[in-house]
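Asks: what's the 3D shape of this:
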Amino acid sequence: MRYYETIYILNTNYDSSTVDKCKEEVEKELKEFLNANIINHYIWTKKRLAYQIKKQKYGLFILLHFESLDTKKMPDFNKWMKLNSHIMRHMTVALDSEPEIYDDNSNGLTQARIAMVE
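Replies: Predicted structure coming up:
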C-alpha cells in the first residue's frame, strides 16, 4: 500500500452542511477513482491566506490521509479536485510511512492504529 496526504482549502463562508457535503463528495470520488481506504479526514484549521484566492482572504484547511494501491489514476483524482468548484486549492503528496490516526477526543494524534477489521 502507498500512503498519501491531501490538503485542500475551502471557502470559510460555507456553512457546516456544505463543508460536510464537500468532504463526503471528496471521499466518494477518492474511493471511485483509486479504490482508496480513508485513514483521516478532518478540518485542520482556518487560516489567513498568503494571497487572495477567488477574492477570499481566509481559507478552511482540510487534511486527508488515505492509502491506495492504484497510482495510475492519481492524475485523474487531482484533475477532479482542480475542477471542483468548492475547492480553492489542493495538494497531494506521497508519504514515506503510515500516518497516525487522528483522535477528536484527545485533540491530537494517537500512536496506536485502530484495527479496521471490526
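
Asks: list the buried ones in the longest helix belonging to the chain?
Replies: Once the chain is assigned using DSSP state H, the helix that runs over the most residues is helix 16-34. Within helix 16-34, the residues that qualify as buried are 19, 22-23, 26, 29-30, 33-34, counting by 16 or more other C-beta atoms under 10 Å. No exception for glycine: its C-beta is placed from N, CA and C like everyone else's.

Asks: among the residues you listed, which two are most distant?
Replies: Using C-beta to C-beta, the two most remote members of the buried residues of helix 16-34 are Val19 and Leu34, lying 22.3 Å apart.

Asks: what's the closest non-adjacent residue to Asn13?
Replies: Across the structure, with C-beta to C-beta, 6 or more residues apart in numbering as the measure, the residue nearest Asn13 apart from its sequence neighbours is Gln56 (7.8 Å).

Asks: how many residues are close by the one you found?
Replies: 15 (other C-beta atoms under 10 Å).
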